[in-house]
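> what follows is a protein structure lacking sequence information:
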């Protein structure tokens with residue numbers, strides 16, 4: 001594939017001339033063959049084509065350069081398509097958006113009339129791209145299927161131009177006023193999409209959490225994960241890293257509460273040999289070790305005020321200075337912070353820097369406590385027991401045990417549930433089932 005068609009060509013007079021005569025379209029699909037076919041046909045129609053294999057990559061392309069249109073496959077490996085399309089429309093309201101329906105591996109689909117892909121208008125505001133795609137069809141392009149009347153079928157939106165004979169059709173699409181969304185008409189669960197593999201349970205709270213994670217993961221935005229102890233804040237941070245463009249780069253974790261104040265600066269920023277007593281060799285800090293990737297600062301509320309000022313300076317400049325070194329080092333990291341403390345309240349009390357709080361809380365995510373999603377306990381218990389069964393004989397919960405689990409308020413959240421189930425499995429001995437008698441929440445009193 002030539003560099004010009006991918007939008008990756010080196011800048012020059014010829015490249016600028018070609019781009020000035022074309023409009024830009026982003027083709028988003030994990031199917032490389034489909035992307036090539038679309039790019040080839042659209043290039044003939046004087047479209048400047050940029051390709052992305054997933055939603056995160058497409059967002060990066062759109063941040064780099066605006067596009068007049070985007071074609072999105074019905075399945076993406078990193079983001080839920082409906083949410084991705086809705087976010088793209090919110091960020092780029094003037095961009096035409098078409099969805100490609102079919103099998104992710106390029107196979108044929110009976111629902112699409114054997115064509116394997118169907119393009120449906122999701123939120124177009126102009127007819128230009130529709131005419132271009134009809135031209136692609138006239139050139140023998142069979143990756144897209146059109147209706148018998150030559151129009152594309154609408155999907156959750158409208159066709160900007162009604163075909164003759166459709167005026168009296170009560171089911172015909174109507175003109176969009178610009179306020180409808182990709183998720184229009186869907187219930188909350190459908191709008192939020194499926195859960196992520198790491199998030200167990202189907203409650204509304206968990207679906208909303210998964211929705212927020214998928215929305216912010218592809219970006220470099222700083223995220224503040226708030227929640228009680230034991231809710232799984234580090235799990236959320238790891239999911240954010242996995243779904244980001246930095247997934248192949250390091251993921252570093254530093255628990256601010258576990259490092260003595262005297263060593264925290266060296267642990268974060270690194271140090272040179274001889275910088276302090278015991279520094280027998282130079283050492284790379286956690287920030288630099290996460291270069292290109294993600295750094296999780298756990299229990300950020302425990303960071304000393306003096307260190308907060310140094311962290312704020314790094315966030316503002318992107319440069320750090322090792323302890324004992326005069327040189328500045330530029331580091332590229334995505335920062336995620338986690339805390340069980342109410343940082344906004346602590347900032348108001350003067351116990352946490354307000355400017356650092358605003359730097360960290362660009363996109364806050366609140367992980368719900370287990371007592372607010374009790375309906376997830378059966379699924380969580382099954383998940384925990386299944387993982388325990390990888391090392392020991394698999395145990396199952398009897399109904400009376402599950403009833404007892406549902407009667408507890410779980411101040412320790414999911415972590416406490418894990419410990420209770422591990423204790424119950426041990427108490428059950430050789431039996432394959434766990435009963436209510438084995439579900440104990442505190443150590444039995446001594447006689």
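Happy to help now that I have it. Quantities reported herein were computed from a predicted structural model and do not represent experimental measurements.
> neighbours around residue 46, how many?
11 (other Cβ atoms under 10 Å). For every residue, glycine as well, the C-beta is placed using N, CA and C.
> look up how far residue 229 lies from it.
Per Cβ to Cβ, to the nearest Å, residue 46 is found 58 Å from residue 229.
> what of residue 290?
Going from residue 290 to residue 229 by Cβ to Cβ gives 24 Å.
> between these two, who's got more neighbours?
Of the pair residue 290 and residue 229, residue 290 is the one with more neighbours under other Cβ under 10 Å, namely 25 against 13.
> so what's that one closest to, chain neighbours aside?
Among residues not flanking residue 290 along the chain, residue 252 sits closest, at 3.8 Å (Cβ to Cβ, 6 or more residues apart in numbering).
> quick one: the one you found and residue 294 touch, right?
Yes. Assessed by Cβ atoms under 8 Å, residue 252 is found in contact with residue 294 at 7.4 Å.
> more neighbours, the two?
Between residue 252 and residue 294, residue 294 has the larger neighbour count (other Cβ under 10 Å), namely 24 against 19.
> what residues are up against that one?
Residue 294 is in contact with 237, 240-241, 244, 246, 249-252, 333-336, counting by Cβ atoms under 8 Å, 6 or more residues apart in numbering.
> which one of those residues has the most neighbours?
residue 336 (30 neighbours).
> so which elements touch the helix or strand harbouring it?
Residue 336 is part of strand 334-339, with elements assigned from DSSP states H and E. Counting contacts by 3 or more Cβ pairs under 8 Å, 6 or more residues apart in numbering; DSSP states H and E, strand 334-339 packs against strand 223-226, helix 233-242, strand 294-298.
> the closest residue to residue 348 other than its chain neighbours and residue 313, how far apart?
Nearest non-adjacent residue to residue 348, counting by Cβ to Cβ, 6+ apart: residue 354, 7.8 Å away. Residue 354 sits 15 Å away from residue 313, going by Cβ to Cβ.
> and what of residue 372?
In terms of Cβ to Cβ, residue 372 sits 38 Å off from residue 313.
> go ahead and flag the most central residue of the protein.
Nearest to the geometric centre of the chain sits residue 214, at 2.6 Å (Cα atoms, centre = their mean).
> so what's it up against?
Going by Cβ under 8 Å, 6+ apart, residue 214 touches 79, 80, 83, 84, 193, 196, 243.
> show the average pLDDT along the helix or strand encompassing residue 82.
Following DSSP H and E, one finds residue 82 within helix 81-91. The predicted model assigns helix 81-91 a mean pLDDT of 82.
> over to stretch 225-232?
For stretch 225-232, mean pLDDT rounds to 94.
> run through who's touching it.
Counting by Cβ under 8 Å, 6+ apart, 233, 236-237, 336-340, 342-343, 364-370, 412-416 sit against stretch 225-232.
> can you select the buried ones among those for me in ChimeraX?
Of those, the buried ones go into a single ChimeraX selection, burial set by 16 or more other Cβ atoms under 10 Å:
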select :233,236,237,336,337,338,339,340,343,364,365,367,368,369,370,412,413,414,416
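> how about the strands of the stretch 201-350 of the chain, start to end?
In the stretch 201-350 of the chain, the segments counted as strands under DSSP state E, counting those that start in this stretch are 223-226, 251-255, 294-298, 319-320, 329-330, 334-339.
> mind putting the ones you listed into JSON lines with distance to residue 404?
Shown next, in JSON lines, are the strands of the stretch 201-350 of the chain (distance: least, Cβ to Cβ, whole Å):
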{"stretch": "strand 223-226", "distance to residue 404": "30"}
{"stretch": "strand 251-255", "distance to residue 404": "33"}
{"stretch": "strand 294-298", "distance to residue 404": "32"}
{"stretch": "strand 319-320", "distance to residue 404": "51"}
{"stretch": "strand 329-330", "distance to residue 404": "55"}
{"stretch": "strand 334-339", "distance to residue 404": "31"}
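> nearest to residue 40, out of these?
Ranking the strands of the stretch 201-350 of the chain by proximity to residue 40 (Cβ to Cβ) places strand 334-339 first, at 35.5 Å.
> direction included, what does that closest one pair against?
Strand 334-339 pairs in its sheet with strand 223-226 (parallel), strand 294-298 (parallel), by DSSP bridges.
> residue 409: neighbouring residues, count only.
11.
> any idea how far it is from residue 85?
40 Å.
> can you check residue 197 too?
Taking Cβ to Cβ as the measure, residue 197 falls 22 Å from residue 85.
> distance of residue 408 from residue 366?
22 Å.
> ok, residue 248 next?
For residue 248, the distance to residue 366 - Cβ to Cβ - is 29 Å.
> what do you get for residue 262?
For residue 262, the distance to residue 366 equals 33 Å [Cβ to Cβ].
> domain assignment for the chain?
The record's domain split for the chain, according to automatic domain parsing, is 3-154, 217-366, 371-438.
> could you point out which of those domains sits nearest residue 202?
When the domains of the chain are compared for distance to residue 202 using Cβ to Cβ, the nearest one is domain 371-438, at 6.9 Å.
> can you give me the end-to-end span of the closest one?
21 Å (Cα to Cα, to the nearest Å).
> how many residues are close by residue 403?
Number of residues near residue 403 (other Cβ under 10 Å) recorded here: 12.
> would you point out the helix or strand in the protein whose mean pLDDT is lowest?
strand 153-154 (a mean of 30; mean pLDDT, DSSP states H and E).
> number of nearby residues for the closest residue to residue 309 other than its chain neighbours?
Nearest residue to residue 309 in three dimensions, chain neighbours excluded: residue 353, at 7.0 Å (Cβ to Cβ, 6+ apart). Neighbours of residue 353 under the rule other Cβ under 10 Å: 19.
> what's the answer for residue 382, then?
If you count neighbours by other Cβ under 10 Å, residue 382 ends up with 14.
> what is the nearest of the contacts of residue 294 to residue 89?
Within those, proximity to residue 89 (Cβ to Cβ) peaks at residue 244, which comes in at 21.4 Å.
> contacting residues for that closest one?
Residue 244 neighbours (Cβ under 8 Å, 6+ apart): 56, 217, 218, 219, 294, 334.
> how about JSON lines for the contacts of residue 294, with pLDDT and distance to residue 424 added?
What follows is the contacts of residue 294, written out as JSON lines (pLDDT from 0 to 100; distance: Cβ to Cβ, whole Å):
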{"residue": "237", "pLDDT": "95", "distance to residue 424": "29"}
{"residue": "240", "pLDDT": "94", "distance to residue 424": "32"}
{"residue": "241", "pLDDT": "93", "distance to residue 424": "33"}
{"residue": "244", "pLDDT": "88", "distance to residue 424": "37"}
{"residue": "246", "pLDDT": "89", "distance to residue 424": "39"}
{"residue": "249", "pLDDT": "92", "distance to residue 424": "40"}
{"residue": "250", "pLDDT": "93", "distance to residue 424": "37"}
{"residue": "251", "pLDDT": "95", "distance to residue 424": "33"}
{"residue": "252", "pLDDT": "93", "distance to residue 424": "35"}
{"residue": "333", "pLDDT": "92", "distance to residue 424": "41"}
{"residue": "334", "pLDDT": "94", "distance to residue 424": "39"}
{"residue": "335", "pLDDT": "94", "distance to residue 424": "39"}
{"residue": "336", "pLDDT": "96", "distance to residue 424": "34"}
